[in-house]
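In: Please find the sequence and the predicted model below.
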Amino acid sequence: MQPTTSRSMPSCPHRRGFCSNGRNPDESGYGAAGRLVIVHAGCQNGFFPNASLIFKAGQATGDYHGQMNRESFMKWLEEKLIPNIPANSVVIFDNAPYHSVQENKVPTKSSTKKTMIDWLTANGISHNPAERKWELFQLIQQHKPPEDEKNYVVDRVLRSYGHTPLRTPPYMCDLNPIELIWAQLKHFVRSRNTTGDISIRNLIEQVQLGIASITPARWAECCKHVVNIEKKYYETDQYMEELGEEDSSEDESDKSDAEENTSDED
C-alpha cells in the first residue's frame, strides 16, 4: 500500500450501532438484546487491516466498555488506527464530540469566573482577578486563538505521529466516503437478519462477514464518488462567487448612474 498524500483519504473513523432484538441470552453470556459499537477506517485501497473495533454497547468489562466516548476513541486511535495506516496519512473526521475534545479550551460567556481566571493564568495573560466576569470575558476574547486553531486532542496525537487531521464541514457527511461504506455494511447485516432475533454473537459474525465483503474496488468507487461531489461544490461555490461579484458591480453602476442624474438635475 502506497503512503497516502493530501489527495488520499484514510476515511473518518466513525462508530455505528447495530441492534439485536432477540429475547433469549446466547451461549456467549451476552444478553441477546443490545447494540454493537463498530469503529473502523479505510481508504481507496480498502479497510485498513487490524484497525477494526467491535464491542457490545453498555458492557461493563473488557478494554472497551459503555458507549463510544473520548477514552474509548483515543484508545482505538493509538492502539489500532495509527499503527496500521501508512506514514503521512490524512485522516478525515466528522465533528462527533469524541473527535472534537479540546485542550486549553477557551471559556465561553457562560463559563464560571474561576474557569476564566484559570484560563487566563494558564495562558500567561495579565489580568486582575477582582475584575467583573464580563471584563474577564472581554480579555479572553482579545487573546483567544482563531477558530481554525482550536487545540483538539485528536489533532495533537495524529500530528505527533506525522499524520494530518482533516475535518469535514458540519452536516456534510456526503464528503466522507465511509458513510457510503457504512450504508453497505448495514444493508448486508439487515438482509441476513430476516427473523429479527439475531444474537449478539451472530450479529458480530455478520458484521465481520460484511466488512470482509466490502472490496477495495468498492472503496475506490466511494472515494471517486466523493471527489466528484467535492468538484461540484467547488463549481457551485465559484459560480456563486462570480454571481456575487456581478451583483456588486451592478449595484456600483446603479449608484454611479444615480449620482450622475442627481448632478445633472443640480
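Out: Yep, it's here.
In: Can you list the buried residues in stretch 207-218?
Out: Residues of stretch 207-218 classed as buried under the neighbour-count rule (16 or more other C-beta atoms under 10 Å) are 207, 210-211, 214, 218. Where you see a C-beta, it was placed from the backbone N, CA and C, and this is true even at glycine.
In: meant to ask about stretch 132-146
Out: 136-137, 139-140.
In: And stretch 87-106, by the same measure?
Out: Those would be 89-94, 98-101, 106, for stretch 87-106 by 16+ other C-beta under 10 Å.
In: same question for stretch 171-181, mean pLDDT?
Out: The average of the pLDDT scores along stretch 171-181 is 92.
In: ditto for stretch 95-115
Out: Stretch 95-115 comes out at a mean pLDDT of 89.
In: So which residues of the stretch 1-150 of the chain form strands?
Out: 14-20, 34-40, 42-43, 46-47, 53-56, 90-93 (DSSP state E, counting those that start in this stretch).
In: for the third one, packing partners?
Out: Think strand 42-43. helix 216-265 (3 or more C-beta pairs under 8 Å, 6 or more residues apart in numbering; DSSP states H and E).
In: ok, back up a step: how about the buried residues of stretch 207-218 in a markdown table, adding distance to A130?
Out: Compiled in a markdown table, these are given as follows (distance: C-beta to C-beta, whole Å):
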| residue | distance to A130 |
| --- | --- |
| V207 | 58 |
| G210 | 62 |
| I211 | 59 |
| I214 | 61 |
| R218 | 63 |
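In: Turn these into TSV, columns for secondary structure.
Out: What follows is the buried residues of stretch 207-218, written out as TSV (DSSP: H, G, I helix; E, B strand; the rest coil):
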residue	secondary structure
V207	helix
G210	helix
I211	helix
I214	coil
R218	helix
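In: Many thanks, have a good one.
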